[in-house]
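In: kindly generate the corresponding structure for this input.
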Amino acid sequence: MKSQQPAKGIMLLSEYDDAQTYQIGCECTDPDHDHTLWVEHDKDIDAVTVTIYTKYTSPLWGVSRWKKMWTLLTKGYVEGEASLLLDKQTALNYADALKKAIKDLDGK
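Out: Have a look, this model is predicted:
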């Protein structure tokens, strides 16, 4: 199995001098489950930062929602997790997009 170009499930959103952004689609086709991936090159310390943005939800009036608000007020943060359902081809394309972004940013 080889990575694809254009890549299934992976869309390049934008390119900057020091960053690239991608949209990674969930196999369930719900856009609320998609991830936005930022790959940034910090030339000062020669490092790459990978940031993943996703929507975090909880039931509207559930007890866990009130617990999360209380935790946020008392501790200053809440913990959560996100899942992204990918088939094998999309997962390979995801990994290749990361490798390509790092290689492209390293050359700039």
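In: so how far is residue 5 from the spatially most central residue of the chain?
Out: Computing the C-alpha centroid of the chain and ranking residues by CA atoms, centre = their mean puts residue 52 first, at 2.9 Å. To residue 5, residue 52 is 22 Å away according to CB to CB, to the nearest Å. Every C-beta, even on glycine, is put in place using the N, C-alpha and C of the backbone.
In: and residue 50, by the same measure?
Out: 21 Å.
In: same deal with residue 33?
Out: Residue 33 is 24 Å from residue 5, by CB to CB.
In: the two - which one has more neighbours?
Out: A count of neighbours by other CB atoms under 10 Å puts residue 33 above the other of residue 33 and residue 5, at 18 against 9.
In: any figure for the gap between that one and residue 54?
Out: 7 Å.
In: any low-confidence regions in this protein?
Out: 6, 58-63, 108 (pLDDT under 70).
In: what segments of it are strands?
Out: Assigned by DSSP state E, the chain shows strands spanning 10-15, 19-24, 35-42, 47-53.
In: and the angle for the longest helix seen in the chain with strand 47-53?
Out: Assignment by DSSP state H gives helix 88-106 as the longest helix of the chain. Interaxial angle of helix 88-106 relative to strand 47-53 (axes from the mean of the first three to the mean of the last three CA atoms, to 10 degrees): 140 degrees.
In: which strands and helices lie in contact with helix 88-106?
Out: Where contact means 3 or more CB pairs under 8 Å, 6 or more residues apart in numbering; DSSP states H and E, helix 88-106 is packed against strand 10-15, strand 19-24, strand 35-42, strand 47-53.
In: give the partner strands of the last one in its sheet and their orientations.
Out: Right, the one you point to is strand 47-53. strand 35-42 (antiparallel) (DSSP bridges).
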